[in-house]
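1. Model the structure of this input:
(one chain, ligands or ions: 2)
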Amino acid sequence: MRSLKPGATALIALGLLSLTLVACSENKQAKVPGQAQPAKTASEDQATAPLTDAADIKAGMDYHSYANMADYQVNNIDLDLDVDFSRKTLSGTATLEVEKLNKMLTPLVLDSRALTINKVEVDGHAVKYSLGDTDPHLGTPLSIDINDSSKVVIHYSTSPQASGLQWLNPAQTAGKQQPFLFSQAQAIHARSFIPLQDSPKARLTYSATIRTPKALRAVMSANNDPSSAKDGEYHFTMPQKIPAYLIAIAVGDLEFQAMGERTGVYAEPSVLAAAAKEFEDTEAMLLATEKVYGPYRWDRYDLLILPPSFPFGGMENPRLSFITPTVIAGDKSLTSLIAHELAHSWSGNLVTNASWRDLWLNEGFTTYLTNRIMQITYGDRRYKMEMALGYEDLQADLADKDARDQILAIDMRGRDPDEVFSNIPYEKGSLFLYEIEHKIGRANFDKFLREYFDHFAFKSISTEAFEAYIAEELLAKYPQQLDADRFAQWIHQPGLLADAPKPQSDAFDKVKAQRIAWLAGKLSTDSIKTANWSSHEWKTFLDGMPKQLSAKQLANLDAQFAFTQAGNNEVAHSWLMIAVRNQYQPAYPRLREFLVGIGRNKFLRPLYRALKESDQLALAQEIFEQAQAGYHPLSVKVNSKIVYPES
Ligand code: BES
Ligand code: ZN
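-> Ligands and ions are numbered 1, 2, ... in the order given. Got it, this is the predicted structure:
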């Protein structure tokens, strides 16, 4: 049994630290939080019971940062970095504009992970600093001996294994000629490429000078200029205050194509035209979202298409969402991803979760907004399908997850955010908002949300701050329709209320009826009516299959519908799940190709799990060994725990 979780220890120690340093002010060399506690090894056991009572969680406290944010505020960071593909490092300086918030005598404590710190300067003079013990989830606190507002220049370089960066060989790109680099900072990986206050509570502006090999273009979550010369030096500014997890960079053989007045796409040349076509509705989505939820505050909205090893579907880096190429399906069937990342420009980037416990404020609101954007852009039928698919995802996770992980305001203390990731904050959060919408009426709820975004614009808020706000703005205004206890259940209890809404789709009802008839032998494979099915229907058809199908059933389906060759990655994934569970060998070459060629964790984790659960661990390990050199560090981390459960 563990005595205390590292995150909790760190923050308790942090509280003590300030006091200690006031008491003995000659001890200026900071003892960093976490030192008292030896580092523990992370393992897949993250699902063990919490050690402390949820009642003592401090609202708005970030248990995943060492930074002493009550003592210092970092208002701006200016980066000056060289991108070295042969060494796989970013190196140079980060200049932090630091504001002292009180008179306490205490060093500045920042987050870092696997950084090499060469020197720290204030006004041209070197100052003392120290790195504390490394915690497997949180990284290493960097303590800097200053006591006042100052400009702190940190000379550093990143590790080739930086958890928030992936360095790709030319072979892993679409063009196969040039290397590629991209970052993924959410949740706590910004600290692996910049020493900073890596907490969503702390907001800052940033600027950057990035030096790259001449053939390549650098882009950031900032003011990109597609017409700037490819001269190996790029300048960026992000004038709005953002949390650290939204700082992002990518470098590669990138070109730009406009899609609309404020929207465009960056991609490798061979992908550019297809991406611009697939996502041509982005401008319309932007206009639609503004109409309902208020002005878009970030100037441009561009997309960056990454190589297939990108570990997520998308990431809402401001002004420049990072997007997996696996959603370029040719028929716009997976564009809800764009609606989702765009929606984060309101829910997430404008109003931000204060800690990772409050992630549902980002993802639940965004999932709700996504559905609304899809309804405006593609109509009611698509809206209902997206909602019904989300509801299925929610049901699957409710069946699969521990009770404590079914809570919106989840207790994250001592846990690795990368391991906790699930559909709960997304789909349960969205369903909660959907219920409120239906109780008070859409027009009223739209008005509420628009005011909420205005009220908290450019702020980071906790679940409790949200609860205080809705007590006034919803509960007090709609006492007949809404109920405080019910709200508390939605936010703080596992599972779903018995009378929670159940989004349905007529289109899916027809699909399900045919599946049932086929399974019962009442409908032959070639009589299934699939004309005009989109990937949503195909996915529903497959995902509802029982765990075990006969060899004959599998062969019939594959012969009739060529699932093993499915071009749509969602459909291919659903089919491969069935293939794995039933050891359907004809699909195994595709399974291997899929697992080696795509790094998106949403696809990888369930497939590796299914292999493990169906006694095919040796195969899972063999494929993982083949694939891992091409995987992002995050995909390596979470999937190696599945395929090597003992280590
Ligand atoms: N912000 C998330 C990705 C994320 C969440 C990264 C938490 C790290 C920690 C992004 O907006 C997202 O939700 N992506 C989804 C998109 C989907 C729900 C449409 C994904 O990648 O699958
Ligand atoms: Zn999201």
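2. Give the buried residues for stretch 175-194.
-> 178-194 (16 or more other CB atoms under 10 Å). Every residue, glycine included, has its C-beta placed from N, CA and C.
3. Show me those residues that map onto strands.
-> Counted as lying in strands by DSSP state E, out of the buried residues of stretch 175-194, are 180-183.
4. Out of these, flag the one nearest to residue 239.
-> Set against residue 239, the nearest of those by CB to CB is residue 183 (19.9 Å).
5. Might you report the residue contacts of the closest one?
-> Shown in contact with residue 183 (CB atoms under 8 Å, 6 or more residues apart in numbering): 164-165, 189, 193, 247-250.
6. 7 Å instead?
-> With contact set as CB atoms under 7 Å, 6 or more residues apart in numbering, residue 183 has these partners: 164-165, 193, 248-249.
7. Quick one: those residues as JSON lines, columns for pLDDT too.
-> JSON lines is the format used below for the contacts of residue 183 (pLDDT from 0 to 100):
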{"residue": "164", "pLDDT": "98"}
{"residue": "165", "pLDDT": "98"}
{"residue": "193", "pLDDT": "99"}
{"residue": "248", "pLDDT": "99"}
{"residue": "249", "pLDDT": "99"}
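8. Show the buried residues in those residues.
-> Counted by 16+ other CB under 10 Å, the contacts of residue 183 give 164-165, 193, 248-249 as buried.
9. for the residues you listed, which one is nearest residue 465?
-> Nearest member of the buried ones among the contacts of residue 183 to residue 465, counting by CB to CB, is residue 248, at 26.2 Å.
10. tell me the pLDDT at the spatially closest residue to residue 609 that is not a sequence neighbour?
-> What sits nearest to residue 609 in space, not counting adjacent residues and going by CB to CB, 6 or more residues apart in numbering, is residue 642, at 5.7 Å. Looking at residue 642, its pLDDT reads 98.
11. Mind giving me the packing neighbours of the helix or strand containing residue 642?
-> According to DSSP states H and E, residue 642 maps onto helix 633-643. In terms of contacts (3 or more CB pairs under 7 Å, 6 or more residues apart in numbering; DSSP states H and E), helix 633-643 is packed against helix 417-420, helix 601-613, helix 617-627.
12. ok and that helix relative to helix 601-613, angle-wise?
-> On the basis of axes from the mean of the first three to the mean of the last three CA atoms, to 10 degrees, helix 633-643 is oriented at 20 degrees to helix 601-613.
13. Helix 633-643 and ligand 1 in contact?
-> No - Helix 633-643 does not reach ligand 1 (CB under 6 Å from any ligand atom); its nearest approach is 8.5 Å.
14. ok, the residue of the stretch 151-300 of the chain found nearest ligand 2 - contacts?
-> Closest residue of the stretch 151-300 of the chain to ligand 2, CB to the ion: residue 186 (8.9 Å). Neighbouring residues of residue 186 by CB under 7 Å, 6+ apart: 245, 315.
15. Number the residues from 45 up from this point.
-> In the new numbering, first residue 45, that becomes residue 230.
16. Now the phi/psi pair for it, please.
-> Dihedral pair for residue 230: phi -70, psi 130, per degrees, to the nearest 10.
17. on that earlier part again, closest to residue 522 out of the buried ones among the contacts of residue 227?
-> Nearest to residue 522 among those, counting by CB to CB, is residue 292 at 39.1 Å.
18. Run a quick neighbour tally on the residue of the stretch 495-644 of the chain found nearest ligand 2.
-> Closest residue of the stretch 495-644 of the chain to ligand 2, CB to the ion: residue 644 (13.8 Å). Look at residue 644: counted by other CB atoms under 10 Å, it has 22 neighbours.
19. so how far is residue 355 from it?
-> Computed as CB to CB, to the nearest Å, the residue 644 to residue 355 distance reads 6 Å.
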